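# One predicted model, sequence on top.
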Amino acid sequence: MSSSVIETKKLTKTFNGRIHAVQDLSISIEEGEIYGFLGPNGAGKTTTIKMLATLLDPTSGSARVNGFDVVKQPSKVRESIGIVFQEPSSDELLTGYENLRLSALMYDLPASEIESRIDGSLELVELNDRRNDLVKTYSGGMRRRLEIARGLLHRPRILFLDEPTLGLDPRGRETMWRYVERLTEELRMTILLTTHYMEEADSLADRICIIDKGKSVAIDTPARLKRKVGGDLVTIVADSPRIAEIRRLKSVRKIEQKDGTFVITMDNAAAHLQDLLKRVGKVDSVEVRSPTLDDVFIKHTGRGLEQAEGGWFEKMVQNTTNKE
């Protein structure tokens, strides 16, 4: 019997009969795992979460959440999950406490447990001291934490976080990462998060599914994904490097050239850089770095994540509308 708490098989969502927002997505997420959907805006990340949360019906394929079919058993799925979407939904004219109490009543929590549930949620996200302040006085990071507290009130087994740090400054982003990690450590909660921040996926996720244009292009741990790219990357600006000699180095895997810049993929650059530079000749500049998730994205899609931003899905919808 599978130990997966989320499992999809060829999950697909099509709009207008021919636009694939999500196409043949097959994933398996284990209990207590932080699983990241990494991809540009419009890649299909939010659409996937909406299907898993029973807010959108799949066009084809299947999905089970906490053992329940998202189409046939939607109420059981909803009892199993908490969800925090990109756009805040808390009422700014209510206090943090009042927002949580309202949510507790909507969840139909036992009256005897409401206060302890609110206290526990506020304590976990460190908002107890601001519980009686109006939400309109909260910072962006505090509002995101309040949204998480709301999603935890009914003690779900699984939490969906859709772009949890969108709009936060670097300090607020790192603070939010700490709270996400606490959820898995203290509550053994399974978390599915979407992000288009490379460092966020690298820092938080146990495993990553890279999504581009509605399709999964790679799934693995961040470390293994980067290792599969192969070797360290040495970028050299030089007039006339001796390419033939460089290729003879056993540590060199690949050489790419563009406008006087040479990107050399090699094993253990720290140990072999001196041998390499001896064969380059006069060097204007040199940069050495390990592969990043952006390199992984480029390997699988042919372009960087920043180049992929810009909403391919929205453009397809617009083009289809114009044709009609």
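Happy to help now that I have it. Residues are numbered from 1 along each chain as shown.
# Report the residue ranges of every domain in this protein.
Listed by automatic domain parsing, the domain ranges of the chain are 4-220, 231-290.
# quick one, which of those is nearest to Thr301?
domain 4-220 (4.9 Å; C-beta to C-beta). Just so you know, the C-beta spots here come from the backbone N, C-alpha and C atoms, and that holds for glycine as well.
# Which residues does Thr265 form beta bridges with?
With DSSP bridges as the criterion, Thr265 is bridged to Leu233, Lys254.
# hang on, it packs against Leu249?
No - applying C-beta atoms under 8 Å, one finds Thr265 not in contact with Leu249, separated by 11.5 Å.
# which of those two has more neighbours?
Neighbour totals were compared for Thr265 and Leu249, and Thr265 leads with 19 against 16 (other C-beta atoms under 10 Å).
# Show the contacting residues for the more buried one.
Residues in contact with Thr265 (C-beta atoms under 8 Å, 6 or more residues apart in numbering) are Gly230, Gly231, Asp232, Leu233, Val234, Val252, Arg253, Lys254, Ile255, Glu256.
# in which helix or strand would I find the last one?
Read that as Glu256. Per DSSP states H and E, Glu256 falls inside strand 252-258.
# what sits up against that strand?
With contact meaning C-beta under 8 Å, 6+ apart, strand 252-258 is reached by Gly230, Gly231, Ile243, Ile246, Arg247, Phe262, Val263, Ile264, Thr265, Met266, Asp267, Leu276.
# what do you get if the cut-off is 10 Å, keeping everything else the same?
The contact list for strand 252-258 (C-beta atoms under 10 Å, 6 or more residues apart in numbering) reads 230-236, 241, 243, 246-247, 262-267, 272, 275-276, 279.
# What remains of the contacts of Thr265 if I keep only buried residues?
Gly231, Asp232, Leu233, Val234, Val252, Ile255 (16 or more other C-beta atoms under 10 Å).
# Just list the residues touching the first one, thanks.
By C-beta under 10 Å, 6+ apart, the contact set of Gly231 is Ser251, Val252, Arg253, Lys254, Ile264, Thr265, Met266, Asp267, Asn268, Ala269, Ser290, Pro291.
# Out of the residues you listed, flag the one nearest to Thr194.
Set against Thr194, the nearest of the contacts of Gly231 by C-beta to C-beta is Pro291 (22.7 Å).
# packing partners for the strand or helix carrying Glu185?
In this assignment (DSSP H and E), Glu185 forms part of helix 170-187. Secondary-structure packing of helix 170-187 (3 or more C-beta pairs under 10 Å, 6 or more residues apart in numbering; DSSP states H and E): strand 34-38, helix 114-124, helix 140-152, strand 158-162, strand 190-195, helix 198-204.
# For the ones you listed, give me TSV that also has distance to Thr175, mean neighbour count and mean pLDDT.
TSV is the format used below for the helices and strands packed on helix 170-187 (distance: least, C-beta to C-beta, whole Å; neighbours: other C-beta atoms under 10 Å; pLDDT from 0 to 100):
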stretch	distance to Thr175	mean neighbour count	mean pLDDT
strand 34-38	16	25	95
helix 114-124	13	17	93
helix 140-152	6	22	91
strand 158-162	14	24	94
strand 190-195	15	25	94
helix 198-204	12	20	92
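# what's the closest of these to Glu98?
It is, among the helices and strands packed on helix 170-187 and with distance given as C-beta to C-beta, helix 114-124, at 9.9 Å.
# circling back to that earlier point, now tabulate the helices and strands packed on helix 170-187 in TSV and tack on distance to Pro88.
Formatted as TSV, the helices and strands packed on helix 170-187 follow (distance: least, C-beta to C-beta, whole Å):
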stretch	distance to Pro88
strand 34-38	20
helix 114-124	16
helix 140-152	5
strand 158-162	12
strand 190-195	16
helix 198-204	19
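# which one of those lies closest to Thr95?
Thr95 lies closest, by C-beta to C-beta, to one member of those: helix 140-152, at 10.1 Å.
# Report the backbone C-alpha coordinates of the closest one in PDB.
Backbone C-alpha positions of helix 140-152 (Å, rounded to 0.1, in the frame of the first residue of the first chain) are rendered in PDB as follows:
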ATOM      1  CA  GLY A 140       3.100  41.900   4.800                       C
ATOM      2  CA  GLY A 141       5.000  39.100   6.500                       C
ATOM      3  CA  MET A 142       2.600  39.200   9.500                       C
ATOM      4  CA  ARG A 143      -0.400  38.900   7.200                       C
ATOM      5  CA  ARG A 144       1.100  35.900   5.500                       C
ATOM      6  CA  ARG A 145       1.700  34.300   8.900                       C
ATOM      7  CA  LEU A 146      -1.900  35.000   9.900                       C
ATOM      8  CA  GLU A 147      -3.100  33.300   6.700                       C
ATOM      9  CA  ILE A 148      -1.000  30.200   7.700                       C
ATOM     10  CA  ALA A 149      -2.500  30.300  11.200                       C
ATOM     11  CA  ARG A 150      -6.000  30.300   9.700                       C
ATOM     12  CA  GLY A 151      -5.100  27.300   7.500                       C
ATOM     13  CA  LEU A 152      -3.900  25.400  10.600                       C
END
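# Nice, that's everything, thank you.
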